[in-house]
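Structure here, sequence nowhere to be found:
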């Protein structure tokens, strides 16, 4: 599968709703899986949503290791553009990122505990953490609030806003399983970053987009990242074979 600029063009995307800005907070922790975060961010922006971005210190090391991109507070917009334009296969300039989309992103340094999302009075729609490391899971479950990412997650829970935690680790230890149960009981959606194959994936980007799509499903944000199951066995393989496929 080849990806072209039209795959993620914002043309036809809904206009942001009038009124006060109400963003989705996207937290990126240090777990492997920065392409998951990029896919979620692209889809939120394509849906016309505003985004507040919190990139943890550990995740910057992961991003540098997985993509070669250094995410810097002083140059975050240029670094974010480069990150979002990159395909899951490592190919640069796979996706087109517009100035209009980037204008709807607000970046908060992870060490800024006085940032807007640290307060329950800040008008956020909810939060997704993608990917979520086990250290992040533990911090949120225990209410540590050691950085802005954890603090915002705690605020999201106490304000009864949607919180989706896309944990990316395997195998899972007993303590982490208990902490995930605690998050579920507190009202969060625990969503393991587990791609599925029934949608007819032919490229690594398809597997990444499936996980990102499930994150957005849990948050209630419309998207077109993957083919949904309609109860028809073999549909994906027949569509790949083309119009001459046996019915």
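That came in fine, so what should we check first? Note that the structure is predicted; figures quoted are calculated from it, not measured.

Need the contact partners of the top helix by length along the chain.
If you go by DSSP state H, the chain has its longest helix at helix 204-219. Helix 204-219 is contacted from outside by 1, 3, 24, 35-36, 39-40, 43-44, 47, 87-89, 94, 126, 128, 130, 162, 164, 166, 189, 191, 193-197, 199-201, 222-223, 225-226, using CB atoms under 8 Å, 6 or more residues apart in numbering. From N, CA and C alone the C-beta is placed, and that goes for glycine too.

and residue 74, what does it touch?
With CB under 8 Å, 6+ apart, residue 74 has no contacts at all.

Any figure for the gap between it and residue 149?
From residue 74 across to residue 149, the span is 20 Å (CB to CB, to the nearest Å).

Would you state the strands of this protein in chain order?
24-28, 51-55, 105-107, 126-132, 163-167, 189-190 (DSSP state E).

need those strands in CSV with mean neighbour count, can you?
Output for the strands of the chain, formatted as CSV (neighbours: other CB atoms under 10 Å):
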stretch, mean neighbour count
strand 24-28, 27
strand 51-55, 24
strand 105-107, 18
strand 126-132, 28
strand 163-167, 26
strand 189-190, 18
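
what's the closest of those strands to residue 157?
strand 163-167 (5.8 Å; CB to CB).

Just want the angle from the closest one to strand 126-132.
Strand 163-167 and strand 126-132 meet at an angle of 10 degrees, taking axes from the mean of the first three to the mean of the last three CA atoms, to 10 degrees as the criterion.

got the angle for the longest helix of the chain vs strand 24-28?
Using the same axes, to 10 degrees: helix 204-219 against strand 24-28 is 130 degrees.

when you give positions from now on, start the count at 257
With the count now opening at 257, the last piece we talked about shows up as helix 460-475.

What is the burial count for residue 306?
18 (other CB atoms under 10 Å).

what's the spacing between it and residue 473?
19 Å.

now residue 322
Applying CB to CB to residue 322 and residue 473 gives a distance of 25 Å.
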